[in-house]
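In: my questions concern the predicted model and sequence given below.
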Amino acid sequence: MNIQRTALDAFVAKLSFVDAGYDVVPVQHELYNAHMRRIANHLDDEKCCVTTSFRPQTPLVNIGYAIRVSIITRLVDVFVKSCQSSHNIVFLGCGLDAAGLWSLGLSPLTTVYELDNPAYTDVKRSIYDKCELSLKNRIVPIGVDLQNLPDLTTQLTNAKVDFSVPTLVVSELVLSYLDNVGELLRFFSEKKGSKFVIFEPFLPRLKLVDSAFSTSNKYKRFADVYVDRFRQKTELLGGLGESLVEVSEFLGNECGLVNCEVSRASLGAPLMKTKEMFDEHAALGLYLRNYFVATNINNNNSEIVVRVRVRQVTAGDESACRELFFGVYSDLAKRYKSIAKMLKNASDMDNICKHYAADKYATDSRKNFFVAIGSDGRVIGCIGVLFCDFRKCYEINRLFVDTAARNTGIGRALLSRVETFAKKESFLVAITPVLLTSAQAFYDKNGFEKDKLFNFPQNFEVPLSVFHKLVK
């Protein structure tokens with residue numbers, strides 16, 4: 001596969017969604033768009049061999065790339081906001097994208113290093129020479145072979161990269177082309193304070209249709225054909241694993257990234273309004289399921305609080321809630337029959353509004369379902385609550401938060417809404433598989449105790465933890 005051709009195609013696609021009107025970065029949309037146009041103009045002026053026509057892409061390609069960039073830049077923004085002092089962002093194989101220049105606009109404390117093929121770093125350096133001095137001194141293109149670690153070490157030393165400060169390493173469809181992924185990521189993970197954002201495809205031989213599609217006869221044939229085409233397109237690529245579990249294990253065992261949150265790209269995708277006529281929603285969903293996002297940005301002791309609004313669920317929120325639900329459990333369901341059975345029998349997720357609607361003749365509120373809405377208007381978390389007559393308590397159901405938005409106060413905001421909903425001096429009870437360690441830690445942190453009042457039958461294949469808390 002021609003890597004230079006692939007890099008150009010990616011740039012053309014990103015320029016296309018900019019021209020289509022997508023504002024894909026969380027802040028300073030105009031800055032990103034302006035830098036993309038600057039790079040395109042430079043390539044035209046220099047009559048580079050890569051400048052075939054910058055043709056518009058299809059609406060499906062435009063929104064697919066727009067969502068991809070949105071996921072990555074949103075996580076970059078979270079990292080930058082968490083840093084109170086000087087910090088680095090290292091882009092691996094960034095090609096001709098403008099994310100590096102855009103990142104500089106987030107904070108005067110940011111220094112960006114772009115590691116790539118020398119042919120591209122030379123082009124980038126020519127562009128940056130035309131930038132204002134304040135930017136040029138803070139963005140450093142480094143021509144290097146990422147598969148040659150001795151050369152990489154030498155180049156980083158010559159560039160005087162300071163790894164004693166917080167450093168974010170970003171990979172967007174780069175690792176799949178390399179043969180030394182484990183060594184490369186471990187090289188950076190061993191640097192104290194390193195964080196990662198990784199957006200890559202699953203191994204192409206995987207049958208990627210999960211339960212959200214395979215249980216629907218309407219989509220199954222279409223999905224199978226789509227996945228076969230994706231396999232053919234990416235058959236020469238490598239990968240980090242065939243599933244979320246395999247990717248997580250590879251990152252931990254081979255790369256030293258033991259605290260990475262890994263999710264399908266469809267789980268972290270914003271509900272982006274299309275700027276063009278668009279009717280390929282099923283294809284978009286399948287496209288995003290072919291990729292994963294891994295990050296350890298939020299796995300620290302400090303929380304980054306984001307703007308969030310918690311409200312009652314509406315019918316328009318149900319699809320996003322189901323994505324959160326299946327995103328957490330679908331890979332575990334492949335390992336454990338009991339979890340697969342739980343997914344199959346989760347009837348409340350088929351019609352959330354109906355299942356959690358107030359009883360017609362109830363004299364008090366006994367159940368409800370809430371969603372957390374981010375500043376961009378998309379659903380980034382959800383929680384259900386039901387009063388259990390048998391245990392005389394309120395049970396917490398379906399508490400999920402978008403992977404990219406965890407440790408930002410969203411889970412706490414959802415829980416607070418349920419605590420307000422429940423009666424004073426009543427108990428809240430939460431039941432969660434022990435495999436979900438982040439959920440266990442969340443309840444511990446928010447005043448829950450391991451259950452001593454209520455017994456739960458341990459006939460589940462996966463051990464369950466039961467937590468309780470008195471609402472005051």
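Out: Yes, it's here.

In: from here on, contacts and neighbour counts on C-alpha atoms
Out: Will do.

In: residues contacting residue 297?
Out: 75, 78-79, 195-197 (C-alpha atoms under 8 Å, 6 or more residues apart in numbering).

In: in helices, which of those fall?
Out: 75, 78-79 (DSSP state H).

In: closest one of those to residue 260?
Out: Proximity of the ones in helices among the contacts of residue 297 to residue 260, judged by C-alpha to C-alpha, is greatest for residue 75, which lies at 13.2 Å.

In: ok, now which ones touch residue 97?
Out: 11, 14, 36.

In: check for me that it belongs to a helix.
Out: No. Applying DSSP: H, G, I helix; E, B strand; the rest coil, one finds residue 97 to be coil, outside a helix.

In: that one and residue 20, how far apart?
Out: To residue 20, residue 97 is 17 Å away according to C-alpha to C-alpha, to the nearest Å.

In: which among the ones in helices among the contacts of residue 297 gets closest to residue 180?
Out: Minimum distance to residue 180 across the ones in helices among the contacts of residue 297 is 24.8 Å, recorded for residue 75 (C-alpha to C-alpha).

In: what's the burial count for that closest one?
Out: Neighbour count of residue 75, defined by other C-alpha atoms under 10 Å: 21.

In: just checking, it touches residue 195?
Out: No. With contact defined as C-alpha atoms under 8 Å, residue 75 does not count as touching residue 195 (10.7 Å).

In: which helix or which strand is home to residue 199?
Out: Using DSSP states H and E, residue 199 maps to strand 194-201.

In: doesn't residue 467 lie inside a strand?
Out: Yes. Counting by three-state DSSP, residue 467 is part of a strand.

In: I'd say it and residue 448 touch.
Out: Yes. Between residue 467 and residue 448 there is a contact at 5.8 Å, judged by C-alpha under 8 Å.

In: if we can go back for a sec, mind putting the ones in helices among the contacts of residue 297 into TSV with pLDDT and distance to residue 111?
Out: Listed next are these as TSV, based on pLDDT from 0 to 100; distance: C-alpha to C-alpha, whole Å:
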residue	pLDDT	distance to residue 111
75	90	16
78	88	16
79	92	13
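
In: the strands in this structure, which residues?
Out: 87-92, 110-116, 139-143, 167-172, 194-201, 261-264, 291-295, 308-312, 367-374, 379-388, 393-401, 427-433, 449-450, 464-470 (DSSP state E).

In: low-confidence stretches in the stretch 101-250 of the chain?
Out: Along the stretch 101-250 of the chain, the model assigns pLDDT under 70 to residues 131-136, 204-238.

In: please work out how many residues are found near residue 198.
Out: Around residue 198 there are 21 other residues, counting by other C-alpha under 10 Å.

In: list the contacts of it.
Out: Residues in contact with residue 198, defined by C-alpha under 8 Å, 6+ apart, are 170-172, 292-295.

In: quick one: residue 424 and residue 75, what's the gap?
Out: Taken as C-alpha to C-alpha, the span from residue 424 to residue 75 is 38 Å.

In: hmm, residue 386 is touching residue 367, no?
Out: Yes. Using C-alpha under 8 Å, residue 386 is in contact with residue 367, at 4.3 Å.

In: shared neighbours, the two?
Out: By C-alpha under 8 Å, 6+ apart, the residues touching both residue 386 and residue 367 are residue 356.

In: so what pLDDT did residue 20 get?
Out: Looking at residue 20, its pLDDT stands at 85.

In: against residue 66, how distant is it?
Out: In terms of C-alpha to C-alpha, residue 20 sits 10 Å off from residue 66.

In: more crowded one of these two?
Out: Taking neighbours as other C-alpha under 10 Å, residue 20 and residue 66 compare with residue 66 leading, 25 against 17.

In: beta partners for residue 194?
Out: residue 167 (DSSP bridges).

In: ok, how many other residues are close to it?
Out: 20.

In: how close does it sit to residue 252?
Out: Counting by C-alpha to C-alpha - residue 194 and residue 252 are separated by 14 Å.

In: cool, residue 8 as well?
Out: For residue 8, the distance to residue 252 - C-alpha to C-alpha - is 32 Å.

In: check residue 443 too.
Out: Taking C-alpha to C-alpha, one finds residue 443 at 24 Å from residue 252.

In: between those two, who's got more neighbours?
Out: residue 443 (21 against 16).

In: how close does the residue nearest to residue 139 when sequence neighbours are not counted get to residue 437?
Out: Residue nearest to residue 139 in three dimensions, not counting chain neighbours: residue 112, with 4.6 Å by C-alpha to C-alpha, 6 or more residues apart in numbering. Separation of residue 112 from residue 437 (C-alpha to C-alpha): 34 Å.

In: which of the two has more neighbours?
Out: Higher neighbour count among residue 112 and residue 437: residue 112, with 25 against 10, using other C-alpha under 10 Å.

In: and the more buried one, what does it touch?
Out: Counting by C-alpha under 8 Å, 6+ apart, residue 112 has contacts 88-91, 100, 103-104, 138-140.

In: likewise for residue 351?
Out: Residue 351 neighbours (C-alpha under 8 Å, 6+ apart): residue 318.

In: apply 10 Å and report the result again.
Out: With contact taken as C-alpha atoms under 10 Å, 6 or more residues apart in numbering, residue 351 is in contact with 315, 318-319, 322.

In: ok, those vs residue 371, which is closest?
Out: The closest of those, once distances to residue 371 are taken by C-alpha to C-alpha, is residue 318, at 9.6 Å.

In: the closest one contacts residue 379, doesn't it?
Out: Yes. Between residue 318 and residue 379 there is a contact under C-alpha atoms under 10 Å: 9.4 Å.

In: spit out the residues that contact the two alike.
Out: residue 371.

In: of the two, which one has the most company?
Out: residue 379 (26 against 18).

In: where does the stretch 301-450 of the chain dip in pLDDT?
Out: For the stretch 301-450 of the chain, the stretches flagged by pLDDT under 70 are 301-308, 358-364, 375-376, 404.

In: how about the helices in it?
Out: Taking DSSP state H, counting those that start in this stretch, the helices of the stretch 301-450 of the chain run over residues 318-333, 337-344, 352-355, 410-421, 437-445.

In: which strands and helices sit next to the third one?
Out: Right, helix 352-355. helix 318-333, strand 367-374 (3 or more C-alpha pairs under 10 Å, 6 or more residues apart in numbering; DSSP states H and E).

In: winner for burial among those?
Out: Neighbour counts (mean count of other C-alpha atoms under 10 Å) averaged over each of the helices and strands packed on helix 352-355 peak at strand 367-374, with a mean of 23.

In: what's the angle between that one and strand 379-388?
Out: Using axes from the mean of the first three to the mean of the last three C-alpha atoms, to 10 degrees, one finds that strand 367-374 and strand 379-388 are set 170 degrees apart in direction.

In: strand 367-374: how far from the chain's middle?
Out: 20 Å (C-alpha atoms, centre = their mean, to the nearest Å).
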